[in-house]
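Novice: Have a look at this fold, sequence not included:
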């Protein structure tokens, strides 16, 4: 199976994910969201919106949000909380929006699932002059010990997927140079929710049932001595690109 086929299979694993995904996945810190948006932005596209973890912060700012995602199931969860948000099933490579209709396009935890060149072209088409494209990733800051072993169970010895790879790190046609912002934060979660959070990742979703059960058993063994709650630490990495004049 080619790298592109593996990526597509993992991305498709989210198509039927819903309420539990939203409950377990972290949102985005305020400073990161603020940095993603250009001054005076009113109309914002949340691309790969999923269940609306990033949408939550955009709606709180009073922005007019359009949410686009390949998963109707995920968008249904978003709609339950934000019925006023326009929701469209679609992908970055073919945005179902008119030209020059958005002030910003933001992408939370999803840019690595799209074709960056094709999507950049579509984003440039729907942005107004002075618009920006920004993408954010919450990257777990894993502590040595049992938290590190959680990652080994899920990924083997490869380590955590990084926001950047060779393809995603390339310049984007139609945009200026990449700007970067990094912030660090943490939250407390129930120990069982820490375990269940790993079941929302594509590497778990594409595993066969026997392998999923093996991972769950091992994770519960690892977390058993951690206490009722666990600290989850994150580094949120944000990239921003300004539409070229």
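Specialist: That came in fine, so what should we check first? Here the structure is a predicted model, which means the values were calculated and not measured.
Novice: alpha carbons only for contacts and neighbour counts from here, please
Specialist: Will do.
Novice: What is the burial count for residue 188?
Specialist: Neighbours of residue 188 under the rule other C-alpha atoms under 10 Å: 11.
Novice: For the helix or strand harbouring it, which strands pair with it and how are they oriented?
Specialist: Element membership of residue 188 [criterion: DSSP states H and E] is strand 179-190. Sheet partners assigned to strand 179-190 using DSSP bridges are listed as strand 229-242 (antiparallel).
Novice: Return the set of buried residues in the partner strand.
Specialist: Neighbour counts over strand 229-242 (16 or more other C-alpha atoms under 10 Å) mark 230, 232, 233, 234, 236, 237, 238, 239, 240, 241, 242 as buried.
Novice: Repeat that for stretch 207-215.
Specialist: By neighbour count with 16+ other C-alpha under 10 Å, stretch 207-215 contains the buried residues 212, 215.
Novice: Now do that stretch, average pLDDT.
Specialist: Mean pLDDT, stretch 207-215: 93.
Novice: hey, which helix is longest across this structure?
Specialist: Identified as the longest helix of the chain according to DSSP state H is helix 209-223.
Novice: Could you check how far that helix is from the centre of its chain?
Specialist: Offset of helix 209-223 from its chain centre (C-alpha atoms, centre = their mean, to the nearest Å): 24 Å.
Novice: now the most centrally placed residue in the chain, nearest residue through space, not along the chain?
Specialist: Nearest to the geometric centre of the chain sits residue 109, at 1.7 Å (C-alpha atoms, centre = their mean). Residue nearest to residue 109 in three dimensions, not counting chain neighbours: residue 137, with 4.8 Å by C-alpha to C-alpha, 6 or more residues apart in numbering.
Novice: Same question for residue 186.
Specialist: Spatial nearest neighbour of residue 186, excluding adjacent residues (C-alpha to C-alpha, 6+ apart): residue 233 at 4.1 Å.
Novice: how close does that neighbour sit to residue 189?
Specialist: In this view, residue 233 and residue 189 are 11 Å apart by C-alpha to C-alpha, to the nearest Å.
Novice: now the helices: where do they sit in this protein?
Specialist: Using DSSP H, helices in the chain cover 3-12, 19-24, 30-36, 53-60, 72-81, 116-126, 146-155, 191-197, 202-205, 209-223.
Novice: Include distance to residue 185 when you put those helices into CSV, please.
Specialist: Listed next are the helices of the chain as CSV, based on distance: least, C-alpha to C-alpha, whole Å:
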stretch, distance to residue 185
helix 3-12, 26
helix 19-24, 16
helix 30-36, 11
helix 53-60, 16
helix 72-81, 24
helix 116-126, 28
helix 146-155, 17
helix 191-197, 16
helix 202-205, 23
helix 209-223, 21
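Novice: list the contacts for residue 49?
Specialist: By C-alpha atoms under 8 Å, 6 or more residues apart in numbering, the residues touching residue 49 are 55, 67, 68, 69, 75, 107, 108.
Novice: follow-up on the earlier one: my guess is the residue nearest to the centre of the chain contacts residue 134, does it?
Specialist: No. Residue 109 is beyond contact range of residue 134, at 11.0 Å (criterion: C-alpha atoms under 8 Å).
Novice: Next, the buried residues of stretch 178-189.
Specialist: Along stretch 178-189, these residues count as buried under the neighbour rule (16+ other C-alpha under 10 Å): 178, 189.
Novice: neighbouring contacts of it?
Specialist: Under the criterion C-alpha under 8 Å, 6+ apart, residues 29, 31-32, 35, 171, 229-241 lie in contact with stretch 178-189.
Novice: at 6 Å instead, please
Specialist: 229-241 (C-alpha atoms under 6 Å, 6 or more residues apart in numbering).
Novice: average model confidence for that stretch?
Specialist: Taken as a whole, stretch 178-189 has a mean pLDDT of 97.
Novice: The nearest residue to residue 235 once chain neighbours are set aside and residue 215, how far apart?
Specialist: Using C-alpha to C-alpha, 6+ apart and skipping the chain neighbours, the partner closest in space to residue 235 is residue 184 (4.5 Å). According to C-alpha to C-alpha, residue 184 and residue 215 sit 28 Å apart.
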